[in-house]
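A.B. asks: using only what follows, build the 3D model:
(4 chains)
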Number of protein chains: 2
Amino acid sequence: MRDRRAERREATRAEILEAAWTQVRSDGLAALSLRDLAAAVGMRPPSLYSYFESKNAIYDAMFAQAAQQFLDDQVFTEAPPSGDPLADLQAGMRSFARFCTDDPARYQLLFQRTIPGFEPSPESFALSAHALERTARRLAEIGITDPADIDLLTALGTGLTDQQISNDPGGDRWLRLVDDAMAMFFHHVSGRPATPAERGPQ
Amino acid sequence: MRDRRAERREATRAEILEAAWTQVRSDGLAALSLRDLAAAVGMRPPSLYSYFESKNAIYDAMFAQAAQQFLDDQVFTEAPPSGDPLADLQAGMRSFARFCTDDPARYQLLFQRTIPGFEPSPESFALSAHALERTARRLAEIGITDPADIDLLTALGTGLTDQQISNDPGGDRWLRLVDDAMAMFFHHVSGRPATPAERGPQ
DNA sequence: GTCTATATTTGGATAGAC
DNA sequence: GTCTATCCAAATATAGAC
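C.D. replies: Numbering: from 1, shown residues only, chains lettered A, B, ... in the order given. The predicted structure is shown next:
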């Protein structure tokens, strides 16, 4: 039969995590405070320890949520190849960049390592490693296998994303360069120049 | 005549800043602690306030030092055009990437905004703005004037640098892609494909 | 200029009653 | 499970003696 107590506990954990996301989105990832978090959910700080054994356990649960959302979100790694590798690459990078800019705090937790003393648990890390493997497999399908090319692609992806988040939050100044950047990259690694149509709107 | 007291004061300020750099390089930019800083220079914490009016004033002095070093370091903006725009672009980006990876804490202070509550003073900020203007002027000399192209170039520069710092500290996994990335970019914006020689060593 | 002493705030975490 | 009460550590900053 249903374990109503366990269900209630899970619901409270989820509520605490949701409040934690709200807090880091507004004050920054590093500014998570158990004091404020407890107040947000109507508890006293010690009560949080009934649900998470430490502050880092909360970060770890958030990391796992973010990794799962990344797995669910990335259209690129799920949709079948369209027969147009460049179009697939552009769609995949648009999806990645959108995922990152939609929630900079989530991006920071998942892809940057700025929380002093926090390391994701092996289980949480396995989730994100799985997503990266899936991406590499998909890139291989469209002929991108050289590790140096993949490194260049990741630099482009994080560079566009970081600039967008840091210098034009909420806008699209760098997001709108994604198609052009992917055309540049694709024709560089395949040895052909981009046609004006492929470069996308300027 | 010389003001020996002022000289001594400046020397102590410099000594404090040097200890501060040592601390942030080892523990992270955000981990600067007045307590540890005072201990490192053989003072009690309150004595630091004779030299800097606040912790943010120390960050600001560090920011000004970093901006000045950036101005002094960037070969690209000082050397005369060589007549080979791509070679100039590659040399300039190599210089930028090297400057950033040489001291990640300095890079973080100067180009990222991760210290909660710290904003550089107008005087300090003017130093870094000056450096950016000089770069834009130099890019114009080699024919790069489209703001979208400049945005793409900055995304490449920060992406390569961030990946290098985050994922291969002390190595050259992304640094060695700089020449190739600049060839890719240059020929994309000038409409010609890169020759194998221009792409540099793979 | 430097110190002692202290104020104040904030943080994570624990003990034990209920 | 939640609370009160408390602990401990660390942080920035100020007052005032020397």
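A.B. asks: where do the helices sit along chain A?
C.D. replies: Along chain A, counting by DSSP state H, helices occupy A:4-27, A:34-40, A:55-73, A:75-78, A:85-102, A:104-111, A:122-141, A:147-167, A:178-190, A:196-199.
A.B. asks: got a list of contacts for the second one?
C.D. replies: It refers to helix A:34-40. Here helix A:34-40 makes contact (Cβ atoms under 8 Å, 6 or more residues apart in numbering or on different chains) with A:16, A:19-20, A:22-23, A:44-45, A:47-48, A:55, A:58. No exception for glycine: its C-beta is placed from N, CA and C like everyone else's.
A.B. asks: wait, which of the helices of chain A is closest to residue B:120?
C.D. replies: helix A:147-167 (14.8 Å; Cβ to Cβ).
A.B. asks: sorry, back to before: which one of the helices of chain A lies nearest to residue B:70?
C.D. replies: The minimum distance between residue B:70 and the helices of chain A falls on helix A:147-167, with 17.2 Å, by Cβ to Cβ.
A.B. asks: closest one of the contacts of helix A:34-40 to DNA strand C?
C.D. replies: Taking Cβ to the nearest atom of the strand as the measure, DNA strand C lies nearest residue A:55 of these, at 3.8 Å.
A.B. asks: adding mean pLDDT and mean neighbour count, write the helices of chain A out as TSV.
C.D. replies: Shown next, in TSV, are the helices of chain A (pLDDT from 0 to 100; neighbours: other Cβ atoms under 10 Å in any protein chain shown):
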stretch	mean pLDDT	mean neighbour count
helix A:4-27	96	14
helix A:34-40	97	16
helix A:55-73	96	19
helix A:75-78	65	16
helix A:85-102	95	20
helix A:104-111	94	21
helix A:122-141	91	14
helix A:147-167	96	21
helix A:178-190	96	23
helix A:196-199	60	13
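A.B. asks: any chance of those in TSV, plus distance to residue B:129?
C.D. replies: Supplementary listing: the helices of chain A in TSV, determined by distance: least, Cβ to Cβ, whole Å:
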stretch	distance to residue B:129
helix A:4-27	28
helix A:34-40	36
helix A:55-73	35
helix A:75-78	38
helix A:85-102	25
helix A:104-111	24
helix A:122-141	38
helix A:147-167	14
helix A:178-190	26
helix A:196-199	31
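A.B. asks: wait, which of these is closest to DNA strand D?
C.D. replies: Counting by Cβ to the nearest atom of the strand, DNA strand D lies closest to helix A:4-27 out of these; the figure is 4.9 Å.
A.B. asks: ok, that closest one near DNA strand C or not?
C.D. replies: No - among the residues of helix A:4-27, none lie within reach of DNA strand C under Cβ under 7 Å from any atom of the strand; the closest is 8.8 Å away.
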